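>>> Just the structure for this:
(one chain, ligands or ions: 1)
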Amino acid sequence: MARLILLLYACLTLAAAEPPVYWLLWFDTEDYIEPSADDAAKRLAEELTARGVHATFKIVGEKARVLQQRGRTDVLRALAAHDIGYHSEFHSLHPTPAEYLSEFGLLDGAAEFTRREKAGFDLLENLFGVKPSCYGQPGNSWAPQANVALRQWGVKVYMDDAGQVGFDDQPFWYGGLLYVFNLGPHTVRTDLNDPSKSEAAKRRFDAALAAVRQRGGGVIQSYYHPTEWSSTKFWDGVNFAHGANPERSEWKNPPLRTPESREQAFRLFLDWADYVRRTPGLKIVTAREIPHYFEPRDSAPPIAESRRLAVSIDAHGGFSPADHLLALLSLPPAYVDGPLHRASTTFQDSTIPRPAFDRAKQDASAFIRRFHRLPDAIWLGSQRLALPDFAATLAAAPPAGPVPVRTGRLDIERRIGKDAAKLYDWVIHPQGFAPESLLEIARLQSWTLKPARLR
Ligand SMILES: [Zn+2]
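Just a heads-up that it's a prediction; the model follows:
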């Protein structure tokens, strides 16, 4: 008996020692033009249900509307066995989210995002009886203002793949949301057309698995679109390319797969999905479940880590610069947005008298408590310190006496993508579309960026 218990104990510790690996499989369910894409969505949902695989279907609002109009309750029922996320109101109809949000700031942009996108979200909640668990943008039409709106809607997860923001190829916190995004080599797919590529896709998955285990556990994601099983070209590319916006009556159906090529695509995908799901120790999770596997978003950093803002504004110790700033101001841990604008420092002297500095600290704290956002600058009488300089100065402030002014170095901004033309290069966007303004807001919000830590 004792030996059996020992053996059991050894097995348990061995199992516990294996780093956790989570697999997210999601489908952008968006083709509201070609009816056979409805059947593809249904069949994928049913095949996966039969295999005990819970996927996340991110559905476009207009797609849900069309399914209703076509009387496809069978499709809706098949999808309801999985997690439901949201994938924008109209996807590729112009203006796309990045197109219209490029003319807005953070807060007015969030309001505009809600005005344009909330109806489809509400429709999904109505149809499925549950709030969509996550959002992901159409194509690479990402915009930072969405974070503010999504939090207001009660969404906790941003799940997609693009290059505007990232953190070491694993999930991260940004704009108050858990981002499963920009996972680099940990995003793995198999080809749906060429059987000779299947083995390589399995090896790519194995490599991602080994890499994630090597770093102590993490997330691998795979994503597709049901329309890939029905058509040989994307439904939106044949209608809305390069800014084109034809009337509904002129929409064209995408070219269809032959029955043989469709069957092969299902076979190739399901064979690969079977391979992945049989991986020992792999946990298949949905967007709704993934937050449970990570530490809570808000906690207080060790003060020694926060003091490092003095030389570098960065995610020291896995805490965001905003976390550190709140700690330095003795505020309780909480999510707050980054600043709205990039201010300049006008303060002339090299030191700040202690009473003026204490007042500045109180003012910064009062602003953050009132607006749940970091101020652009902190005033010292008629002069000001830009936020990064204030943070660096505060982090290095001696316990008493005059406070030497320091210049803040915004190292965290290196995590934000730089080349707008490349990052927003999508067949749907007008040629040359390069919304620098969105990347600037993204950089300002990088104060909220930090890696997500597994429990
Ligand atoms: Zn999409």
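>>> residues from the stretch 51-200 of the chain in reach of the ion?
With CB under 5 Å from the ion as the criterion, the stretch 51-200 of the chain comes near the ion at residues residue 138. C-beta: built from backbone N, CA, C; applies to glycine.
>>> where along the stretch 51-200 of the chain do the helices fall?
With DSSP state H, counting those that start in this stretch as the criterion, the stretch 51-200 of the chain has helices at 61-69, 73-80, 97-101, 106-128, 145-153, 198-214.
>>> Now distance to residue 228 too, for the ones you listed, in a markdown table please.
Formatted as a markdown table, these follow (distance: least, CB to CB, whole Å):
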| stretch | distance to residue 228 |
| --- | --- |
| helix 61-69 | 15 |
| helix 73-80 | 16 |
| helix 97-101 | 22 |
| helix 106-128 | 21 |
| helix 145-153 | 25 |
| helix 198-214 | 15 |
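>>> Now render these as CSV, adding distance to residue 86 and mean neighbour count.
Below are the helices of the stretch 51-200 of the chain laid out as CSV (distance: least, CB to CB, whole Å; neighbours: other CB atoms under 10 Å):
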stretch, distance to residue 86, mean neighbour count
helix 61-69, 8, 20
helix 73-80, 13, 18
helix 97-101, 12, 23
helix 106-128, 5, 18
helix 145-153, 9, 22
helix 198-214, 26, 16
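>>> any idea of the pLDDT on the closest residue to residue 227 other than its chain neighbours?
Spatial nearest neighbour of residue 227, chain neighbours left out: residue 31 (3.7 Å); criterion: CB to CB, 6 or more residues apart in numbering. As predicted, residue 31 sits at a pLDDT of 98.
>>> Show me the longest strand that occurs in this protein.
For the chain, the longest strand by residue count, based on DSSP state E, is strand 21-29.
>>> Can you spell out which helices and strands pack onto it?
In terms of contacts (3 or more CB pairs under 8 Å, 6 or more residues apart in numbering; DSSP states H and E), strand 21-29 is packed against helix 36-50, strand 56-59, helix 198-214, strand 218-224, helix 259-277, strand 282-285.
>>> run the last query once more with 6 Å
For strand 21-29, the packing partners by 3 or more CB pairs under 6 Å, 6 or more residues apart in numbering; DSSP states H and E come out as strand 56-59, strand 218-224, strand 282-285.
>>> Does residue 81 touch residue 49 like I think?
Yes. Here residue 81 reaches residue 49: they are 4.7 Å apart, a contact under CB atoms under 6 Å.
>>> Distance of the residue nearest to residue 75 when sequence neighbours are not counted relative to the ion?
Leaving out its chain neighbours, the residue that sits closest to residue 75 by CB to CB, 6+ apart is residue 42, at 4.4 Å. According to CB to the ion, to the nearest Å, residue 42 stands 18 Å off from the ion.
>>> Also residue 446?
For residue 446, the distance to the ion - CB to the ion - is 25 Å.
>>> now do residue 283
Taken as CB to the ion, the span from residue 283 to the ion is 26 Å.
>>> Quick check: that residue touching residue 22?
Yes. Between residue 283 and residue 22 there is a contact under CB under 6 Å: 5.2 Å.
>>> Those two: which is more packed in?
Each of residue 283 and residue 22 has its neighbours counted (other CB atoms under 10 Å); residue 22 has more, 21 against 12.
>>> so what's the more buried one bridging to?
For residue 22, the residues forming beta bridges with it (DSSP bridges) are residue 219, residue 283.
>>> Was I right to think it contacts residue 220?
No. Between residue 22 and residue 220 there is no contact under CB under 6 Å: 7.3 Å.
>>> returning to that earlier point: in a markdown table, list the helices and strands packed on strand 21-29 along with distance to residue 318 and mean pLDDT.
Below are the helices and strands packed on strand 21-29 laid out as a markdown table (distance: least, CB to CB, whole Å; pLDDT from 0 to 100):
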| stretch | distance to residue 318 | mean pLDDT |
| --- | --- | --- |
| strand 56-59 | 26 | 99 |
| strand 218-224 | 14 | 98 |
| strand 282-285 | 21 | 98 |
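>>> Report the mean per-residue pLDDT for stretch 245-258.
pLDDT averaged over stretch 245-258 gives 98.
>>> now stretch 380-398
98.
>>> just stretch 362-372 next, same as before
98.
>>> cool, and stretch 145-153?
Mean pLDDT, stretch 145-153: 99.
>>> Next: stretch 71-87.
Mean predicted confidence for stretch 71-87 is 98.
>>> Which residue ranges make up the domains of the chain?
Using automatic domain parsing, the domain ranges for the chain come out as 18-293, 303-334+346-406.
>>> how about these, which one is nearest residue 417?
domain 18-293 (4.7 Å; CB to CB).
>>> hey, which of the helices and strands packed on strand 21-29 is tucked in deepest?
Across these, averaging neighbours per residue (mean count of other CB atoms under 10 Å) puts strand 56-59 on top, at a mean of 29.
>>> Whichever residue of the stretch 51-200 of the chain sits closest to the ion: what's its closest spatial neighbour, skipping adjacent residues?
Residue nearest to the ion within the stretch 51-200 of the chain: residue 138 (4.8 Å; CB to the ion). Counting by CB to CB, 6+ apart, residue 138 lies nearest to residue 91, which is 4.2 Å off, once chain neighbours are set aside.
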